[in-house]
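>>> Structure, please.
(chains A and B)
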Amino acid sequence: MLSQPIVQLKQVTKRIGGKTIIDNLSLELPQGEVFGFLGPNGSGKTTTIRMMVGLMRMSEGDIVIGGSSIRTDYEKAIRHVGAIVENPEMYKYLTGYQNLLHYARMVPGISRNRIDEVIRLAGLDKRIEDKVKTYSLGMRQRLGVAQALLHKPSLLILDEPTNGLDPAGIRELRDYLRRLAAEEGTTVFVSSHLLSEMELMCDQAAIIQAGRLIDVRRLRGGEEADAAGIRMPVQMLFEVDRPDEAAALIRDAIRTADGVPAQVQVRSEAGAILLDARRADVAEINALLVRGGILVYGIRSAGKTLEEQFLEVTGGESVV
Amino acid sequence: MFDFAALVANENMKIYRRPRAWIMLGLLALLAAAVALIASASSSSPLEMWSMTSVMLMLLVPLANIFSVIIAADSVAGEFTGGTIKLLLIRPWTRSKVLLSKYVSVLIFVMFTLLVVYLSVLLINSAVFGYERGVSAEKAFGVLDPSLSAWSYYHQYFLLELISAAVGVTLAFMISAVFRSSALSIGLSLFLLLMGATLSQLLRLVDKPWVDYVLFQHLNLTRYIGSGGASGELHSGSPMTIGFSLAVLAGYYLVFMALSWFVFTKRDVAA
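Numbers count the residues shown, from 1 in each chain, chains lettered A, B, ... in the order given. Model prediction:
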């Protein structure tokens, strides 16, 4: 993306009592993308988010949002931000509407219409006049998203936003966030431990562990990745009744330009074979197997999931 | 400035949209009515309005102070306990302004409780016992100055109570900002408020000059009304005057404010 990054974390370090919680973290969030923030428990996700919204001070470094430093120009920088930090804790003794009114009053220029609009977006129309203490966790989460969107922020920070949402709610939120990023150019920064969810939601994901940024991966979007996704061979898994025979059949029939037989892994116990294949080759291989009298029960991509990648880069360690 | 008024409106909403504020205020009025009616029904000799007022103030003003302190102690700490402080602070307002809006709403509540006491005592007593004109404070409230009228005493009383209540809630507000736990700060503030009088009695037995500077020695300002300006004695031998008490209170007030502000604006929010 050519646009200026909306958020820059510059060598952010946080020490509490001599212990380094966040260590020299630098990150840039491009405008209009959904950016995932992954890390095991205790890796410093929430601490980073707290520093981004000014709830915690940095020991070193700076965070610039929309061109203003959160350190020296807080009131200006935070105007760009809508956020939920950890649980969406609202005033339980107030109604949903009063809660939204409360936050609306704190930013100039939010009309009653905008409040109604946000309520409709969050799907809270029917319960908005009820006290928040009667809300379920999912409804509180929706109200939390509603308050974060009130002032049309250019950066939306959501800490575990799918917590407590039902599958329909998660899907709705995911679609909404993607639309927000695509249509309004809002940058969405989501932390989550639901890796499969992040995979569906995010354009890029940063992985942190023990307060250090260890990887930033593109999960979708971006021209190079798109093109590569079509042309590059992907590891495919064929579920068959006789894996060994199937493998032999493929090795005989398919050779590369140099005459080297195709690489096929056999997974007898799973009743499957694994091989790299382009999209167009898959149908051909299937036809070959069927002609050879092999029963094919299923074909699917065996590309590494984000979960596997995540465990790979974090070494499977949980709390450090 | 208009924007800041919106912050105060928010804080007021959080106080008055809860039933407890109205229960407190209603209780003050109800208690005034109950005392007046029970006294008038059960007393054999006819009661006079201003002497009943004196009795009622002794009962209602401390209660009003307790209510104010509860609201003040919960003001900041309640946001931490409920976790709502996070969403409150991530708005385009500095922490100082958020804290100031809370403080202003607490002071408004203090004035409100005292106003409820002022009006209910005056109106209910006048209605039940009949308003008495031209009664001296000497007769009604037992002050030394014979020229002071009860009406004038009544107003001075509320003015001075407002000052000491403001110092009291500022202490509670500070405890609230420092401890960040509703239960702890309400408990501690009430303990200090209730023990203050006892503690000040106890401290008079201590023969040290610093005793004159202890906060609780100065919270009872109303004893100066009509006393010729001095009440009790300082350890240096000179009389304790209202000026001295106000100066000590002002000193504490500044310390409480400075501490609240420092702690609230500097500390990380990890609630």
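>>> hey, let's count contacts and neighbours off CA atoms from now on
Will do.
>>> For the chain, which helix or strand comes out least confident on mean pLDDT?
Reading this off chain A. The least trusted helix or strand in chain A, going by mean pLDDT, DSSP states H and E, turns out to be helix A:223-231, with a mean of 43.
>>> The chain in question should be chain B.
Lowest-scoring helix/strand for chain B, mean pLDDT, DSSP H and E: strand B:230-233, at a mean of 74.
>>> Buried residues, it. List them.
By neighbour count on 16 or more other C-alpha atoms under 10 Å in any protein chain shown, the buried set for strand B:230-233 is residue B:230.
>>> neighbouring contacts of it?
Contact with strand B:230-233 is made by B:223, B:224, B:239, B:240, B:241, B:242, as judged by C-alpha atoms under 8 Å, 6 or more residues apart in numbering or on different chains.
>>> looking at this, residue A:189 is in a strand?
Yes: under DSSP: H, G, I helix; E, B strand; the rest coil, residue A:189 sits within a strand.
>>> What about the closest residue to chain A within the stretch 101-250 of chain B? Give its phi and psi, please.
Going by C-alpha to the nearest C-alpha, chain A is nearest to residue B:101 of the stretch 101-250 of chain B, at 11.5 Å. Main-chain dihedrals, residue B:101, degrees, to the nearest 10: phi -60, psi -40.
>>> Once you drop chain neighbours, what's closest to it?
Setting aside the residues directly before and after it, residue B:101 is nearest to residue B:8 in space (C-alpha to C-alpha, 6 or more residues apart in numbering or on different chains), at 4.9 Å.
>>> Next SSE downstream of the particular helix or strand that has the one you found in it?
Using DSSP states H and E, residue B:8 maps to helix B:2-16. For helix B:2-16, the succeeding helix or strand toward the C-terminus, using DSSP H and E, is helix B:19-42.
>>> Quick check: residue B:33 touching residue B:124?
Yes: when contacts are counted by C-alpha atoms under 8 Å, residue B:33 is listed as touching residue B:124 (6.1 Å).
>>> Low-confidence stretches in chain B?
B:1-2, B:229, B:271 (pLDDT under 70).
>>> which bits of it sit near chain A?
Listed as neighbours of chain A in chain B under the rule C-alpha under 8 Å from any C-alpha of the partner chain: B:3, B:6-7, B:10, B:14, B:17-18, B:82-84, B:86-94, B:267-270.
>>> Helix, strand, or coil at residue A:215?
strand.
>>> so where is chain A shaky, pLDDT-wise?
Those would be A:1-3, A:221-234, A:256-259, A:303-306, A:309, A:313, A:315-320, if you go by pLDDT under 70 across chain A.
>>> Show the contacting residues for residue A:128.
Contacts of residue A:128 (C-alpha under 8 Å, 6+ apart): A:95, A:96, A:97, A:119.
>>> dump the residue contacts of the second one.
Put plainly, it is residue A:96. Taking C-alpha under 8 Å, 6+ apart, one finds A:127, A:128, A:129, A:130, A:131, A:132, A:143 in contact with residue A:96.
>>> Would you double-check that the second one falls in a strand?
If I follow you right, that is residue A:128. No: looking at residue A:128 with three-state DSSP, it is coil, so not inside a strand.
>>> count of neighbours near residue 79?
No chain specified, so I'll use chain A. 21 (other C-alpha atoms under 10 Å in any protein chain shown).
>>> Not quite, go with chain B.
23.
>>> for the one 5 residues further on, same thing?
The local packing of residue B:84 (other C-alpha under 10 Å) involves 19 other residues.
>>> Can you pull the residues of the stretch 1-150 of chain A lying near chain B?
Residues of the stretch 1-150 of chain A lying near chain B (C-alpha under 8 Å from any C-alpha): A:53-57, A:74-76, A:78-79, A:83-85, A:89-91, A:93-94, A:102-103, A:105-108.
>>> same thing but 6 Å
A:55, A:56, A:75, A:78, A:79, A:89, A:90, A:102, A:105 (C-alpha under 6 Å from any C-alpha of the partner chain).
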